[in-house]
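1. Here is my input, please return the structure:
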Amino acid sequence: MVVKLIVINFPHPSVFTEYILRHPSQMMKSSFYYFFQMPWFPELMFTINDFKTLKNLFTSPSTGIGRKGCKLTAEDIEAYLYVFSQPEALTGPINHFRNLFSCLPLQHHEVTIPTLLLWGERDPFMEVEMAEITRIYVKNQFRLTVLSDASHWLQQDQPDIVNKLIWTFLKEESRKRE
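-> Residues are numbered from 1 along each chain as shown. Below you'll find the predicted structure:
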C-alpha cells in the first residue's frame with residue numbers, strides 16, 4: 001500500500017529507543033515524552049492561560065519555528081491556536097508521543113521501501129546522529145538530507161527546499177539498493 005516513505009525529523013523507532021538509553025543528552029531532550037504518557041493532563045496543560053505553553057513552544061528562541069530568521073507572525077500563531085483549540089485537536093498529536101513506547105520490547109522492524117529522511121540540524125529535541133543511524137534499518141533506497149539552517153520545524157523553516165526535496169523524491173523511479 002505504501003510505495004515510498006518520507007519522514008521529517010524522526011529516526012527509525014528502534015534507533016530512537018536504543019539511542020535514548022545510551023545518550024543521557026537525548027533522554028533529557030525527550031523528557032516531555034514521559035509527561036505525555038499521562039491521560040488528559042498534557043492536553044489540559046497546553047490549554048491553560050490561553051495556550052501559553054503552546055505559544056512558547058512555537059515562538060521561544062530555543063524551540064520555536066523560524067529560529068534562524070523569519071519568526072511566526074501574529075496571524076500564524078492565531079492560526080495554530082485556532083486549530084489546537086478545537087475539541088480533541090491536541091489529543092491526536094500527543095497520542096503520537098503516547099504510542100512511541102508501544103513498540104517495546106524492540107523488534108527491529110526493517111523498512112523495505114524507498115525512504116527519504118529530512119532532518120533539521122538545529123533540532124532542539126532530536127540529536128542529528130540518529131538520522132544517519134536510521135540507515136541501518138532501511139533495506140532499500142535511503143536518502144538522508146540534513147538541512148543546516150533548519151530546526152525541528154524544518155517544513156516551516158525551509159518550506160521551499162523541503163517541498164522541492166519531497167517532490168523530487170516522489171517523482172524519481174524507485175531503484176533497489178545494491
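2. other SSEs contacting the lengthiest helix in the chain?
-> Looking across the chain with DSSP state H, the single longest helix is helix 41-59. Judged by 3 or more Cβ pairs under 8 Å, 6 or more residues apart in numbering; DSSP states H and E, helix 41-59 is in contact with helix 74-84, helix 91-99. C-beta: built from backbone N, CA, C; applies to glycine.
3. Select, out of those helices, the one closest to E173.
-> For the helices and strands packed on helix 41-59, the distance to E173 is smallest for helix 91-99, at 31.4 Å, taking Cβ to Cβ.
4. What are the buried residues along the closest one?
-> For helix 91-99, the neighbour count (16 or more other Cβ atoms under 10 Å) marks 94, 97 as buried.
5. between that helix and helix 74-84, how many degrees?
-> Angle, helix 91-99 to helix 74-84, by axes from the mean of the first three to the mean of the last three Cα atoms, to 10 degrees: 70 degrees.
6. Counting by contacts, list what the next helix or strand after helix 91-99 packs against.
-> Downstream of helix 91-99, the next assigned helix or strand under DSSP states H and E is strand 115-120. When contacts are defined as 3+ Cβ pairs under 8 Å, 6+ apart, strand 115-120 sits against strand 5-8, strand 142-147, helix 154-157, helix 159-171.
7. How about the contacts made by M1?
-> Not one residue lies near M1 by Cβ atoms under 8 Å, 6 or more residues apart in numbering.
8. any idea how far A79 is from I65?
-> Look at I65 and A79: by Cβ to Cβ, to the nearest Å, they are 12 Å apart.
9. about what we covered before: identify, out of the helices and strands packed on strand 115-120, the most deeply packed stretch.
-> Most buried of the helices and strands packed on strand 115-120, by mean neighbour count (mean count of other Cβ atoms under 10 Å): helix 154-157, with a mean of 20.
10. Dump stretch 13-29 to PDB, restricted to CA.
-> Only the C-alpha atoms of stretch 13-29 are listed here, as PDB (Å, rounded to 0.1, in the frame of the first residue of the first chain):
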ATOM      1  CA  PRO A  13      11.800   3.800  16.300                       C
ATOM      2  CA  SER A  14      14.500   1.200  17.100                       C
ATOM      3  CA  VAL A  15      17.100   3.900  16.700                       C
ATOM      4  CA  PHE A  16      15.300   6.200  18.900                       C
ATOM      5  CA  THR A  17      14.700   3.800  21.800                       C
ATOM      6  CA  GLU A  18      18.200   2.400  21.700                       C
ATOM      7  CA  TYR A  19      19.800   5.900  21.400                       C
ATOM      8  CA  ILE A  20      17.800   7.400  24.200                       C
ATOM      9  CA  LEU A  21      19.000   4.600  26.500                       C
ATOM     10  CA  ARG A  22      22.700   5.200  25.700                       C
ATOM     11  CA  HIS A  23      22.700   9.000  25.400                       C
ATOM     12  CA  PRO A  24      21.600  11.000  28.500                       C
ATOM     13  CA  SER A  25      21.600  14.200  26.500                       C
ATOM     14  CA  GLN A  26      18.800  12.700  24.200                       C
ATOM     15  CA  MET A  27      16.900  11.400  27.200                       C
ATOM     16  CA  MET A  28      16.800  15.000  28.600                       C
ATOM     17  CA  LYS A  29      15.800  16.400  25.200                       C
END
